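Enquirer: Sequence first, then the predicted structure:
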Amino acid sequence: MAEKMVVIRSYANEFEAEFAKAELAAADIPVQLLTDGLGGVHPHLQFARGIRLAVPESEAEAARDLLGPADETA
């Protein structure tokens, strides 16, 4: 059975989300980006919830530590 994925961050743009994803992948932490843009058909829909970064629940603390404090101004 696959482990439950939990959202640990939300980003306003794809560049920041992809950068964080690459950092976690380099540390061998599985990661998924969750978007509401319907596969690029309606990218404006991403503004409602942002681009969410999800990791397995057992890796959440390590992922948060690796990424550092969240930017509260975004």
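Expert: The structure has been received and is ready for your questions. Residues are numbered from 1 along each chain as shown.

Enquirer: Select the helix or strand of the protein having the lowest average pLDDT value.
Expert: One helix or strand of the chain scores below all others by mean pLDDT, DSSP states H and E: helix 46-49, with a mean of 60.

Enquirer: what's the following helix or strand after that helix?
Expert: Using DSSP states H and E, the next helix or strand after helix 46-49 towards the C-terminus is strand 51-56.

Enquirer: From the contact counts, what lies against that following strand?
Expert: With contacts defined as 3 or more CB pairs under 8 Å, 6 or more residues apart in numbering; DSSP states H and E, strand 51-56 has these neighbours: strand 5-11, helix 14-26, strand 32-34. Where you see a C-beta, it was placed from the backbone N, CA and C, and this is true even at glycine.

Enquirer: Could you tell me the average pLDDT over the helix or strand that comes right after it, please?
Expert: Following the chain from strand 51-56 toward its C-terminal end, the next helix or strand by DSSP H and E is helix 60-67. For helix 60-67, mean pLDDT rounds to 96.

Enquirer: Now do the buried residues in helix 60-67.
Expert: The neighbour-count criterion (16 or more other CB atoms under 10 Å) identifies 60, 63, 67 as the buried residues of helix 60-67.

Enquirer: Report the angle between that helix and strand 5-11.
Expert: Per axes from the mean of the first three to the mean of the last three CA atoms, to 10 degrees, the angle that helix 60-67 makes with strand 5-11 is 20 degrees.

Enquirer: Does anything pack onto helix 60-67? Which helices or strands?
Expert: For helix 60-67, the helices and strands in contact under the criterion 3+ CB pairs under 8 Å, 6+ apart are strand 5-11, helix 14-26.
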